[in-house]
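Q: how would this look folded up:
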Amino acid sequence: MDSPVQWASCGEAWIGLIRHVWISGVPAEDDRGPVIEGPPILLEITGPRACDPIVERYGDAAKLALYTRKFTEDTIVEPFKYSYGARIKGQLTWAADLLRARPYSKSGWISLTTPGEPYDSVPCLTGLAFRIRDGGLHMTATFRSQNAFTSYLNYLPLADVQAEMGRVLAVPPGPMRVFVDVPHLYLADAGAALRVMRPAFARLI
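A: All right, here's what the predicted structure looks like:
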């Protein structure tokens with residue numbers, strides 16, 4: 001696999017993923033309507049932080065608050081069909097104990113899927129990995145699918161998960177890698193995505 005595409009922040013990665021799908025994607029179908037599907041991508045956010053000026057300007061604060069609850073609460077928050085909080089929390093202690101005992105380990109992977117669960121409840125985020133490298137806590141998030149237009153709603157809460165894990169281990173956060181197998185953009189969101197991508201991306205190049 002090629003080296004990851006690097007972005008400095010969650011907001012830059014958000015705009016970069018929209019651009020990736022817009023430039024490289026092809027028409028496809030989805031339960032919610034027609035989409036543009038991009039090729040798989042591995043990206044790296046070198047400075048993941050929950051506070052992000054691009055997201056503050058172009059993102060949706062109400063939706064971000066809702067997704068933050070999805071990542072932090074143990075119960076399912078409507079309109080979602082599963083809770084990342086419930087799937088992640090119980091496993092972080094195991095991963096932290098492993099890295100304390102074996103700081104060099106590559107085994108700090110946790111799964112967010114459950115065999116045989118309903119088809120419409122399979123999470124988009126399927127796994128998280130934690131590694132201590134170069135004096136920092138590196139994290140990898142693996143997505144089976146990701147809506148490029150709303151990807152920042154996952155990246156910022158994940159930055160909080162990484163930061164919290166770093167506090168538990170007394171290790172500063174390092175980069176966050178994100179692998180997306182099927183990045184996509186709903187045609188219904190195309191106009192709004194262009195309004196975000198054009199002005200925001202011009203500031204990044």
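
Q: burial count for the spatially closest residue to T150 that is not a sequence neighbour?
A: In space, and not counting its chain neighbours, T150 is closest to K63: 7.3 Å by C-beta to C-beta, 6 or more residues apart in numbering. Glycine gets a C-beta too; all of them are placed from N, C-alpha and C. With neighbours defined by other C-beta atoms under 10 Å, the count for K63 comes to 12.

Q: and for D30?
A: Taking other C-beta under 10 Å as the definition, D30 ends up with a neighbour count of 14.

Q: same question for T68.
A: Summarising burial for T68: neighbours were counted as other C-beta under 10 Å, giving 17.

Q: tell me the mean pLDDT for the helix or strand where it lies?
A: Take DSSP states H and E as the rule and T68 turns out to sit in helix 61-72. In this model, helix 61-72 has an average pLDDT of 97.

Q: and the next helix or strand past that helix?
A: Per DSSP H and E, the helix or strand that comes after helix 61-72 is helix 84-101.

Q: tell me how far F71 lies from G33.
A: Note on F71: its distance to G33, by C-beta to C-beta, to the nearest Å, is 26 Å.

Q: who has more neighbours, those two?
A: Here F71 and G33 are set side by side on neighbour count (other C-beta under 10 Å), and the busier one is F71, at 21 against 10.

Q: separation between the nearest residue to the more buried one once chain neighbours are set aside and D134?
A: Closest residue in space to F71, ignoring its immediate chain neighbours: P157 at 3.8 Å, by C-beta to C-beta, 6+ apart. According to C-beta to C-beta, P157 and D134 sit 24 Å apart.

Q: that concludes my questions; thank you for your assistance.
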